[in-house]
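K.L.:
here is a sequence together with a model predicted from it:
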Amino acid sequence: MSIEAEYLVLGAGPAGLAAAGFIAKAGSRVAVFEGRARPENVFGSYPVVLNARGLSALESLDPAILEKTKETGLAVKELHVVPDNRTVAKIPTYGTCIMRDQASQLLLEAAESNEKISFFWEHKLVSIDFQARTCTFELPDGSQKTAVAERLVAADGNRSKVRRLCQEHVADFSADADAWGFQLRFMNSKGVPGQTEVNPDTHFVLGDKGYVCLQPNGEWSISLRVLPETDEEFLTSMEATDGNVQKLKEYVQTYAKFAADNLLDEEAYRKFYDCKAFEGVVVKCSSLNPAGWICLIGDAAHAVQPATGEGINSGLEDAAMLGLAVKENAEDAFVAFDKKQRPNAHALQKLALEAKSRVNLPPPREQAVNVMVNIGLAIARKLRIIEGTRQDFTLGVKAQCAAVRSYDELVQMDERQKGKLRPLANFLAKIFRIPKERRVQTQSKN
């Protein structure tokens, strides 16, 4: 199989398509391989928020793509934190909500118009010959084709086949992929006609229970966290029995009354049981440049989990950094990329594990300490003792007017700030005898 391309990109998601665009912009030819057919339904995915990091990457690729993204998506102006039906925080926000596949579609249209980029749909990676630097693909009819890969960019997602093959065949490469520990299930609804109680430019975090936002197609998305091992059957079942639906309604009333009263109808509740649970992994790689000629980007390199809000944004930033490395140091672009982005990838894993611990019900004392630390940070920010918190420089409005800070910088700042508050919070938690361990409760699935 003869391919006239200096770079092979595996994966036609946002990170892979953006990487192809940036590499082509640097002057090289790119071949993009994707196991799926060319996508048609851009609303078959889930909503994401592009923050200053992701939007900046799109602008550096092509201002026209950024403009189309903002026209297609919806501005996010506030983030409300609403645990147990109590609004505990209203955070000014800068971002654009868009369906993940809509973002991919805009990048795909731009890439397809670029003569330096070619596409090979329904080419599923089977194997890699690390000595010959070739990739073998399986086609829908069962036949196989082999392509020479002078340089290979792996953007094939959190379950990356390239990453797994590198683990098996590259001696000095290792990777950890830890399950989220929870699942997400979605309900979509147009909302109660004429309702004005729920602001469309506000997103809602339901504590550790889920997330609510308006999609660009005018439907509200209500995602609920599911703990498959401990949650009751009405959350884990695939059957819309009257009993399950009634319990689901009561659950939403308990944790998201505003959504139950203003956004959801009977059909939405019943369609919850048609929604397959969505899950993923948190990834950390020893290197982003295994075998010298391979580069890992996006979820293949550092998959996070939804509560970080950084999945698509970190992937787009990877693409931009890779394009810059190709432009400035073509011979050793992957080495330069690894040097620049590996610390950020490892910092992302820290953010993901911290978010995972919040979603997976930490013990009472840890929860109390986290609340006290966050209150302390809010006071310090109000008194201008600190410029801002980590969140202010990711989804907050500060990210709009300040230079985008690296994940490594943000994690170091976060550790410094919280390191001064956490000992005091722990001391107070002990004084008030907040339990260190959570009482084990077995919930019935019947």
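P.N.:
Nice, I can see it. None of the values given here were measured: they were computed from a predicted structure.

K.L.:
count of neighbours near Pro364?
P.N.:
For Pro364, the neighbour count with other Cβ atoms under 10 Å is 15. Every C-beta, even on glycine, is put in place using the N, C-alpha and C of the backbone.

K.L.:
the spatially closest residue to it that is not a sequence neighbour: what's it in contact with?
P.N.:
Spatial nearest neighbour of Pro364, chain neighbours left out: Pro435 (4.7 Å); criterion: Cβ to Cβ, 6 or more residues apart in numbering. By Cβ atoms under 8 Å, 6 or more residues apart in numbering, the contact list for Pro435 reads Pro363, Pro364, Arg365.

K.L.:
thought the last one was touching Arg433?
P.N.:
No - contact between Arg365 and Arg433 fails when scored by Cβ atoms under 8 Å: they sit 9.4 Å apart.

K.L.:
for the two, indicate the residue with more neighbours.
P.N.:
Between Arg365 and Arg433, counting by other Cβ under 10 Å, Arg365 is the more crowded of the two (19 against 8).

K.L.:
just the buried positions in the helix or strand hosting the more buried one, please.
P.N.:
Under the criterion of DSSP states H and E, Arg365 resides in helix 364-382. By 16 or more other Cβ atoms under 10 Å, the buried positions in helix 364-382 come out as Arg365, Glu366, Gln367, Ala368, Val369, Asn370, Met372, Val373, Asn374, Gly376, Leu377, Ala380.

K.L.:
just give the closest residue to Leu410, not the sequence neighbours.
P.N.:
Spatial nearest neighbour of Leu410, excluding adjacent residues (Cβ to Cβ, 6+ apart): Arg390 at 4.8 Å.

K.L.:
same check, this time on Gln167
P.N.:
According to Cβ to Cβ, 6+ apart, the nearest residue to Gln167 is Ala175 (5.6 Å).

K.L.:
mind listing what's buried along the helix or strand hosting Leu351?
P.N.:
Assigned by DSSP H and E, Leu351 belongs to helix 333-359. Residues of helix 333-359 classed as buried: 333-334, 336-338, 340-352, 355-357, 359 (neighbour count, 16+ other Cβ under 10 Å).

K.L.:
mean confidence for the helix holding Arg365?
P.N.:
Averaged across helix 364-382, pLDDT comes to 89.

K.L.:
dig out what the residue nearest to Ile294 when sequence neighbours are not counted forms beta bridges with.
P.N.:
Of all residues not flanking Ile294 in the chain, Leu152 sits nearest, at 4.8 Å (Cβ to Cβ, 6+ apart). Per DSSP bridges, the residues bridged to Leu152 are Leu8, Ile294.

K.L.:
which residues touch Gly16?
P.N.:
Per Cβ under 8 Å, 6+ apart, neighbours of Gly16: Val9, Leu10, Val32, Glu34, Val153, Ala155, Asp156, Ile297, Gly298.

K.L.:
my bad, Val88
P.N.:
Counted by Cβ under 8 Å, 6+ apart, Val88 has contacts Val81, Val82.

K.L.:
what's the pLDDT at it?
P.N.:
For Val88, the model assigns a pLDDT of 87.
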